[in-house]
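Participant: let's see this in three dimensions:
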Amino acid sequence: MSSTSSSDDDNDENRLDSNNIQLLAAQKNLIYKHPLFSVLVYVLERCEQATSNPPLLLNNNESFTPSSSFEHNLKIFLSKNPDLLTTPKH
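Facilitator: Numbering: from 1, shown residues only. The predicted model follows:
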């Protein structure tokens with residue numbers, strides 16, 4: 001019979017050893033270097049802004065429609081980052 005409890009076994013399984021830490025770091029690096037990562041960051045920032053304070057996105061002469069605002073801002077972002085729209089040639 002083992003003297004360790006099941007909670008100790010669970011803790012052992014959840015611990016990160018140096019191999020897991022290196023793997024996690026490598027996976028994060030791949031995500032950050034992905035060509036569309038900056039688009040994801042931009043989209044999430046805009047979502048956060050829109051949900052935290054929608055009136056700040058309004059212009060006095062415009063009616064607020066989230067989809068049109070998002071599409072407009074995405075077009076501006078992509079026009080400033082045209083390299084995101086091209087696929088690398090292998």
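
Participant: hey, let's count contacts and neighbours off CA atoms from now on
Facilitator: Noted.

Participant: hey, where'd the strands end up in the protein?
Facilitator: Along the chain, no segments are classed as strands by DSSP state E.

Participant: run through the protein and note the low-pLDDT ranges.
Facilitator: 1-14, 53-67, 88-90 (pLDDT under 70).

Participant: if you set the cut-off to 90 instead, what comes out?
Facilitator: 1-19, 35, 46-90 (pLDDT under 90).

Participant: let me see the ranges of the helices in it.
Facilitator: In order along the chain, the chain carries the following helices (DSSP state H): 6-14, 18-33, 37-52, 66-80.

Participant: name the residues that touch stretch 74-82?
Facilitator: Identification of contacts with stretch 74-82 by CA atoms under 8 Å, 6 or more residues apart in numbering yields V43, L84, L85.

Participant: what about burial for those residues, which qualify?
Facilitator: For those, a neighbour count by 16 or more other CA atoms under 10 Å gives the buried set as V43, L84.

Participant: can you list the contacts of stretch 74-82 in a markdown table and add distance to E71?
Facilitator: Shown next, in a markdown table, are the contacts of stretch 74-82 (distance: CA to CA, whole Å):
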| residue | distance to E71 |
| --- | --- |
| V43 | 10 |
| L84 | 16 |
| L85 | 15 |
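
Participant: between the contacts of stretch 74-82, which is nearest T51?
Facilitator: V43 (12.2 Å; CA to CA).

Participant: how far away is that closest one from L16?
Facilitator: V43 sits 31 Å away from L16, going by CA to CA, to the nearest Å.

Participant: one more: L84?
Facilitator: Note on L84: its distance to L16, by CA to CA, is 35 Å.

Participant: and if you look at F77?
Facilitator: In terms of CA to CA, F77 sits 38 Å off from L16.

Participant: and for L24?
Facilitator: 9 Å.

Participant: neighbours around the residue lying closest to V43 once chain neighbours are set aside, how many?
Facilitator: Counting by CA to CA, 6 or more residues apart in numbering, V43 lies nearest to L74, which is 7.9 Å off, once chain neighbours are set aside. L74: 16 surrounding residues under other CA atoms under 10 Å.
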